[in-house]
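Chemist: I'll drop the sequence and a predicted model, then ask my questions.
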Amino acid sequence: MLDLILKNANCLIEDKFETLDLGIKDGKITELPLSPGAQATKTFDLKGLTVLPGLIDTQVHFREPGLTHKEDIAHGSRGAVKGGIVSFFEMPNTNPSTTTRESLEEKLNIAKKTSYSDYAFYLGASAENAQHLHTIEDLDGCCGVKIFMGSSTGNLLVESEQVLEQAFTSAKKRIALHCEDEERLKKRKQELFQEPVTVHTHPLWRDEQTALIATKKAVNLALKLKKQIHTLHITTAEEMSFLKENKNSLISVECTPQHLTLSAPECYDRLKSLAQMNPPIREKRHLEALWTGVQNKTVDIIGSDHAPHTLEEKNQDYPKSPSGMPGVQTTVLLMLEHIKKGRLSFQDLARLMYHNPVRLFKIQNKLGIKVGSDADFTIIDNNKSFQIENSWMETKSGWTPFDGMKIPGSITHTIVRGQPAMIDGELQERIESKNLSFEYN
Ligand code: DOR
């Protein structure tokens, strides 16, 4: 007896859609196609729906421990499964920062008890741990090290080149980097903040050069030390052309859906500080260059950078308003909008949010829609539109910059290792969640 049968499933297998029935047992795909007469405890008829391998969000901030008035792992992961996300990588700028084995273990323990999806956590690099990162990141469930080269939310920062080099040398897994140059951030702040400022100043303060200097530094160091790095939330045309020319298999690149959807100044006129994040949303020429990067495969991964703050915090006058916006629940929906517009295909989406995360971070047991793989699925209805609303959001912060946006499709099911976490848009009872495992060498 199987646990679950998916009938009439139009599955993305390798690079092609094929409609078939498949069977799931003990969290794995065991029958593809289904053998005649096979039975299961539960069957879903997925006629007319699009079945993708379960999408992974490799950049979220779920704020637990320490900042749980903004978000926690339970609410963040509820948003994830409602938004079609099967597993997440969570960032270390919590309170305390995740810089020790104990703090990583604490997050893994909380997630085991409260997460609605599968999970992994980043280890934050600091001056204190930079020389022995490998002895902490080997913990099962740790996806790698995160380095903030410029200061953002929280106090994690690696400013000195010496510490940066130590961190690159001691880390063994792929290193994720927030690329903004701290020295230039300080200089620009002095130059610009003498006069009263509004949120429109944000992309001028954290300007193109700020991003480019740090991205070049990170890439050059990775090439010199032969280390694998992942440059997070790339935002400028200049970085994209630099990366296109200089990237090899050591370097991977992320863009966020918000940088691929919103542009300045319109976003600041309309959304004020709700559009404020680091690195900033910039003018349209950058958005177009990011799309070119997605299309020519300079961009490897789309991650949400889900970074909630309360509306009360966001409504403070700039620059007191904190940077970041929720996104884990809206990322796949925004991509459906871009698929409809012809900016990318379902194949691209599966590559950017499943196959590349699996390959680049060496996630185990994720083979795609194939016998032997974890039975993870994101299922989409292209014929039913959906309107994003604040009231639909699970985040504790209670809002999205995409409130009111009508999407030409909807997410119907999220299945985590054979367990339905969301059915017909409805959150289910919490699944038995588990940490992702990584091949470590
Ligand atoms: O806008 C941002 N918010 N960028 C970051 O790098 C951090 C994030 C947060 O944690 O709030």
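Modeler: Sure thing, it's come through.
Chemist: Convert the biggest helix by length in the chain to PDB, retaining C-alpha atoms only.
Modeler: Assignment by DSSP state H gives helix 208-225 as the longest helix of the chain. Coordinates of the C-alpha atoms in helix 208-225 are reproduced here as PDB (Å, rounded to 0.1, in the frame of the first residue of the first chain):
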ATOM      1  CA  GLU A 208      25.900  51.000  -7.700                       C
ATOM      2  CA  GLN A 209      29.600  51.400  -6.800                       C
ATOM      3  CA  THR A 210      28.900  50.200  -3.200                       C
ATOM      4  CA  ALA A 211      27.600  46.900  -4.600                       C
ATOM      5  CA  LEU A 212      30.100  46.500  -7.400                       C
ATOM      6  CA  ILE A 213      33.200  47.100  -5.200                       C
ATOM      7  CA  ALA A 214      32.100  44.300  -2.800                       C
ATOM      8  CA  THR A 215      31.000  41.900  -5.500                       C
ATOM      9  CA  LYS A 216      34.400  42.300  -7.300                       C
ATOM     10  CA  LYS A 217      36.200  41.800  -4.100                       C
ATOM     11  CA  ALA A 218      34.300  38.600  -3.300                       C
ATOM     12  CA  VAL A 219      34.700  37.100  -6.700                       C
ATOM     13  CA  ASN A 220      38.400  37.900  -7.000                       C
ATOM     14  CA  LEU A 221      39.100  36.400  -3.600                       C
ATOM     15  CA  ALA A 222      37.100  33.300  -4.400                       C
ATOM     16  CA  LEU A 223      39.000  32.900  -7.700                       C
ATOM     17  CA  LYS A 224      42.300  33.400  -5.800                       C
ATOM     18  CA  LEU A 225      41.600  31.000  -3.000                       C
END
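Chemist: So is that helix next to the ligand?
Modeler: No: applying CB under 6 Å from any ligand atom, one finds helix 208-225 separated from the ligand by no less than 11.9 Å. No exception for glycine: its C-beta is placed from N, CA and C like everyone else's.
Chemist: Any buried residues in stretch 316-336, and which?
Modeler: 318-319, 321-336 (16 or more other CB atoms under 10 Å).
Chemist: end-to-end on that stretch?
Modeler: Start and end residues of stretch 316-336 are separated by 33 Å (CA to CA, to the nearest Å).
Chemist: Measure how far that stretch is from the centre of its chain, please.
Modeler: 12 Å (CA atoms, centre = their mean, to the nearest Å).
Chemist: sorry, back to before: report the entries of the buried residues of stretch 316-336 that also contact the ligand.
Modeler: Within these, those near the ligand by CB under 6 Å from any ligand atom are Ser323, Gly324.
Chemist: Among the buried residues of stretch 316-336, which ones are in helices?
Modeler: Short answer: the buried residues of stretch 316-336 in helices (DSSP H) are Thr331, Val332, Leu333, Leu334, Met335, Leu336.
Chemist: Among those, which one sits closest to the ligand?
Modeler: Nearest to the ligand, judged by CB to the nearest ligand atom, of these is Thr331 at 15.2 Å.
Chemist: wait, what's in contact with the closest one?
Modeler: Thr331 makes contact with Asp57, Gly83, Ile85, Pro257, Ile302, Gly303, Ser304, Met353, according to CB atoms under 8 Å, 6 or more residues apart in numbering.
Chemist: thinking again about what came up before, please identify which pair of the ones in helices among the buried residues of stretch 316-336 lies farthest apart.
Modeler: Thr331 and Leu336 (10.0 Å; CB to CB).
Chemist: shared neighbours of those two, anything?
Modeler: Contacts common to Thr331 and Leu336, judged by CB under 8 Å, 6+ apart, are absent.
Chemist: Is the helix or strand just after the longest helix of the chain positioned near the ligand?
Modeler: Using DSSP states H and E, the helix or strand that follows helix 208-225 in sequence is strand 229-231. No: applying CB under 6 Å from any ligand atom, one finds strand 229-231 separated from the ligand by no less than 12.8 Å.
Chemist: tell me the mean pLDDT for strand 229-231?
Modeler: When pLDDT is averaged over strand 229-231, the result is 98.
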